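> show me how the following folds:
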Amino acid sequence: MRYKYFALTVILMIAGSILTGCESKENAKEEVQKADQALKDAQTQFDNEWQQFKNDAESKIDNNEKRINDLKAEMKKTSAKFKAKYANKVLTLEQKNIELRKKLNGYKYEGKDNWEQFKQDFNNNMDSVGNALKNIFEKKD
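Residues are numbered from 1 along each chain as shown. Sure, this is the predicted structure:
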């Protein structure tokens, strides 16, 4: 009689373990699916943020380029002394603007922290070029 109860207890424990194991697998599947969806959502959010950032940055770079070309056109009409004084500054700003475009086009996503650092550095450099273009003639050398 004891053997029957012992065997029944063992069978019930094995059955319980199997059922619990199946339930755990179902929960694990759900968790994996949730994590996968969260990853897809995060990627979509980054893609949207990146596209907006890139469009804004390209617009600013294009505006800088236009101002640089306007300055070059105006410099053709000025005296040699004026050209000598500002030509190098304009060319330096033009080179920085070109480097910004290359940096923007060459960016590859490497994590949220690197993305935030890239945005901060890029915006600082962009503002620096923009301010230098606005104030190019205000500095007394």
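> check which helix or strand covers the spatially most central residue of the chain.
Of all residues in the chain, the one closest to the mean position by Cα atoms, centre = their mean is W115, 4.0 Å from it. Using DSSP states H and E, W115 falls within helix 112-134.
> flag every buried residue along the helix or strand K89 falls within.
Using DSSP H and E, the element containing K89 is helix 80-105. If you call a residue buried by 16 or more other Cβ atoms under 10 Å, then helix 80-105 has these buried ones: Y86, K89, V90, L93, E94, K96, N97, L100, L104. To be clear about C-beta, it is placed using only N, CA and C from the backbone, and glycine gets the same treatment.
> same check, this time on stretch 49-69
Neighbour counts over stretch 49-69 (16+ other Cβ under 10 Å) mark F53, A57, K60, I61, N64, R67, I68 as buried.
> re earlier: angle of the helix holding K89 against helix 112-134?
Interaxial angle, helix 80-105 versus helix 112-134 (axes from the mean of the first three to the mean of the last three Cα atoms, to 10 degrees): 160 degrees.
> and helix 80-105, what does it pack onto?
Counting contacts by 3 or more Cβ pairs under 8 Å, 6 or more residues apart in numbering; DSSP states H and E, helix 80-105 packs against helix 2-76, helix 112-134.
> please work out the average pLDDT along the last one.
Spelled out, that is helix 112-134. Here helix 112-134 scores 92 as its mean pLDDT.
> contacts only, for the nearest residue to K60 once chain neighbours are set aside.
In space, K60 comes closest to M126 once its chain neighbours are excluded; the distance is 5.6 Å by Cβ to Cβ, 6 or more residues apart in numbering. M126 is in contact with A57, K60, I61, L100, counting by Cβ atoms under 8 Å, 6 or more residues apart in numbering.
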